[in-house]
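Novice: This is a predicted model, with the sequence first.
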Amino acid sequence: QVQLVESGGGLVQAGGSLRLSCAASGRTAVGAVVGWFRQAPGKEREFVATITHSGSYTNYADSVKGRFTISRDNAKNTVYLQMNSLKPEDTAVYYCAAGWSAGRTRQEYNYWGRGTQVAVSS
């Protein structure tokens, strides 16, 4: 089992930055791939970024490439999502998820956090 808790969301003006954290716990959390997804009101949950256990492989959605950076600190069992140059269209609930395949689909992730709200004002 893997438990995930997100934090760091909030309200920010367009052009601003936020850093989200995903704290993982549980016996199998150590080797897990971790991804970030987001869901805006009335929309499907969509892939944002993913990172392997070693951090050697990362992948991003085109909409956030160059603005968001995913990283992890395995000593702290924490994955981060640094979000810069935020836009109003980045407003969503952000979820972290853990699995064993660094994919871009929800089905590839077995464990999910409850999410943290990010709101970007224009």
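Specialist: Noted; the coordinates are in hand.

Novice: how deep is Gly103 tucked in, by neighbour count?
Specialist: Residues lying near Gly103 (other CB atoms under 10 Å) number 15. Yep, even glycine has a C-beta here, placed from its N, CA and C like the rest.

Novice: Tell me what the closest residue to it other than its chain neighbours is bridged to.
Specialist: Using CB to CB, 6 or more residues apart in numbering and skipping the chain neighbours, the partner closest in space to Gly103 is Thr50 (7.1 Å). On the basis of DSSP bridges, Thr50 is bridged to Gly35, Asn59.

Novice: measure Thr50 to Ala102 for me?
Specialist: 5 Å (CB to CB, to the nearest Å).

Novice: Between the two, which contacts overlap?
Specialist: Any residue near both Thr50 and Ala102 by CB atoms under 8 Å, 6 or more residues apart in numbering counts here, and that gives 33, 35, 59.

Novice: ranking these by neighbours, who comes first?
Specialist: Busiest of those [other CB under 10 Å] is Gly35, holding 29 neighbours.

Novice: Pull the contacting residues for that one.
Specialist: 47-51, 96-99, 102-104, 108-109.

Novice: which one of the residues you listed sits closest to Gly15?
Specialist: Nearest to Gly15, judged by CB to CB, of the contacts of Gly35 is Val48 at 18.8 Å.

Novice: The closest one: what secondary structure?
Specialist: Val48 falls in the strand class when you classify it by DSSP: H, G, I helix; E, B strand; the rest coil.

Novice: where along this structure do the strands fall?
Specialist: Ranges of strands within the chain are 3-7, 10-13, 18-25, 33-39, 46-51, 58-60, 68-73, 78-83, 92-99, 109-112, 116-121, based on DSSP state E.

Novice: hang on, the earlier thing: please verify my assumption that the residue nearest to Gly103 contacts Ala61.
Specialist: No - here Thr50 does not reach Ala61: they are 9.7 Å apart, not a contact under CB atoms under 8 Å.

Novice: Give the residues shared as contacts by the two.
Specialist: Shared contacts of Thr50 and Ala61, counting by CB under 8 Å, 6+ apart, come down to Arg104.

Novice: Alright, that wraps it up for me.
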